[in-house]
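# Need the 3D shape of this:
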Amino acid sequence: MKKLILYCFVIILSLGWNSCGKDSSGGDDIVVYKIPVDIAARYVAMAFCNASAGINRHLETAAAYAAQGHASFDTSFTLKKLDSAAAVKYQYQVVYTLARLATTPPKVTFDYTANGSFSSSAIQSQDEQTGTNWQFTTLDQAMLTLNGSGTDGGQQYALLEKVFFSSDNTYTLKNVMIDKLTGIAASGTAQISIHGSGPAGVAYSYSGTLTFSGNRESVLVLGGSTFYISLISGSIAK
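Predicted structure coming up:
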């Protein structure tokens with residue numbers, strides 16, 4: 001009898017083990033985890049904010065060059081903050097190209113690339129940023145007008161969820177009005193599209209709009225969800 005009971009137990013255990021890791025079609029289970037919009041928005045916030053040497057920091061720098069009448073130039077440099085006390089650490093190799101054009105009316109064009117990484121309490125990233133054919137106009141007025149486009153993306157890690165993901169973010173700046181005295185965007189939008197893949201190569205894709213609302217604050221509507229973002233720190237809230 002003991003042998004019979006043991007034999008039955010082995011059969012049951014075997015059946016249970018063989019059923020684990022199988023889907024309804026008989027294949028192995030795959031954990032499907034699509035990167036949610038909250039993680040994508042968190043990355044967009046950090047990609048734009050000043051604290052991580054993001055897109056808005058380059059926007060404000062370029063606006064200062066345009067407002068102050070800098071002549072055309074090309075330059076490359078390292079932008080970094082690696083001290084242990086920093087809430088966000090970063091290091092980027094940056095190339096700027098500015099051209100002041102004697103058109104009617106006059107305008108300034110600006111391009112940049114930044115290759116490197118940042119690390120915050122929420123996101124770690126190895127990425128490349130670009131700004132392509134940014135055009136500053138209304139140079140003779142109190143507010144500069146900026147239109148242009150760019151990209152941002154690479155490999156990221158979301159610390160709260162403990163997941164790796166890739167990103168490819170494109171943005172288009174539309175009628176961004178920038179105060180010449182402060183260099184801060186008061187209004188205008190960035191049309192955003194971000195896609196990539198997460199664990200097991202599961203794809204994700206979201207699009208939306210980031211609206212500059214002044215005082216280095218912005219509102220991001222992405223994938224139907226609304227987020228409030230500080231362009232200083234990258235902090236984000238719904």
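# was I right about N147 contacting N175?
Yes: N147 is in contact with N175 according to C-beta atoms under 8 Å; the separation is 6.5 Å. Using the backbone N, CA and C atoms, a C-beta is placed for each residue, glycine as well.
# From the neighbour counts alone, determine which of these two ranks first.
Shown here are N147 and N175; by other C-beta atoms under 10 Å, N147 has more neighbours (16 against 11).
# which residues touch the nearest residue to the more buried one once chain neighbours are set aside?
Among residues not flanking N147 along the chain, Q135 sits closest, at 5.3 Å (C-beta to C-beta, 6 or more residues apart in numbering). Each residue near Q135 by C-beta atoms under 8 Å, 6 or more residues apart in numbering is listed here: K107, V108, T109, F110, L146, N147, G148.
# Among those, name the ones in strands.
Using DSSP state E, the members of the contacts of Q135 that fall within strands are K107, V108, T109, F110, L146, N147, G148.
# which residues of this protein fall in strands?
Counting by DSSP E, the strands of the chain are 73-81, 89-101, 107-119, 123-137, 143-158, 163-179, 185-197, 203-212, 217-222, 225-230, 236-237.
# Which parts of stretch 188-198 count as buried, going by neighbours?
For stretch 188-198, the neighbour count (16 or more other C-beta atoms under 10 Å) marks G188, T189, A190, I192, I194, H195, G196, S197, G198 as buried.
# ok, now which ones touch the second one?
Contacts of T189 were listed using C-beta under 8 Å, 6+ apart, and they are L173, K174, N175, V176, T209, L210, T211, F212.
# Please pick the buried ones from the residues you listed.
When neighbours are counted using 16+ other C-beta under 10 Å, those contain these buried positions: L173, V176, T209, L210, T211, F212.
# Was I right to think the fourth one contacts F227?
Right, L210. No: applying C-beta under 8 Å as the test, L210 and F227 come out as separate, 9.1 Å apart.
# any common contacting residues for those two?
By C-beta under 8 Å, 6+ apart, the residues touching both L210 and F227 are V219, L220.
# which residue packs closest to K107, ignoring adjacent ones?
T137 (4.8 Å).
# what do you get for Y228?
Leaving aside its sequence neighbours, Y228 sits nearest to A237 (C-beta to C-beta, 6+ apart; 5.0 Å).
# Tell me how many other residues crowd F77.
If you count neighbours by other C-beta under 10 Å, F77 ends up with 10.
# Could you report the separation of V95 from L101?
20 Å (C-beta to C-beta, to the nearest Å).
# For S207, list each beta-bridge partner.
Per DSSP bridges, the residues bridged to S207 are S193.
# right, I mislabeled it, should have said S125
F118, Q156.
# Could you give the number of residues near it?
Neighbour count of S125, defined by other C-beta under 10 Å: 22.
# was I right about it contacting G153?
No: with contacts counted by C-beta under 8 Å, S125 stays clear of G153, the gap being 9.0 Å.
# Burial check on M46, number of neighbours?
28.
# With the flanking residues excluded, which residue is spatially nearest to Q155?
Closest to Q155 by C-beta to C-beta, 6+ apart is Q126, at 4.9 Å.
# Mean pLDDT per helix and strand in the chain: which one sits at the bottom?
helix 2-19 (a mean of 36; mean pLDDT, DSSP states H and E).
# how far out from the middle of the chain is stretch 208-221?
Centroid displacement of stretch 208-221 relative to its chain, using C-alpha atoms, centre = their mean, to the nearest Å, is 14 Å.
# related to what we said a few turns ago, and the contacts of Q135, which of them are buried?
Buried among those by 16+ other C-beta under 10 Å: K107, V108, T109, F110, L146, N147, G148.
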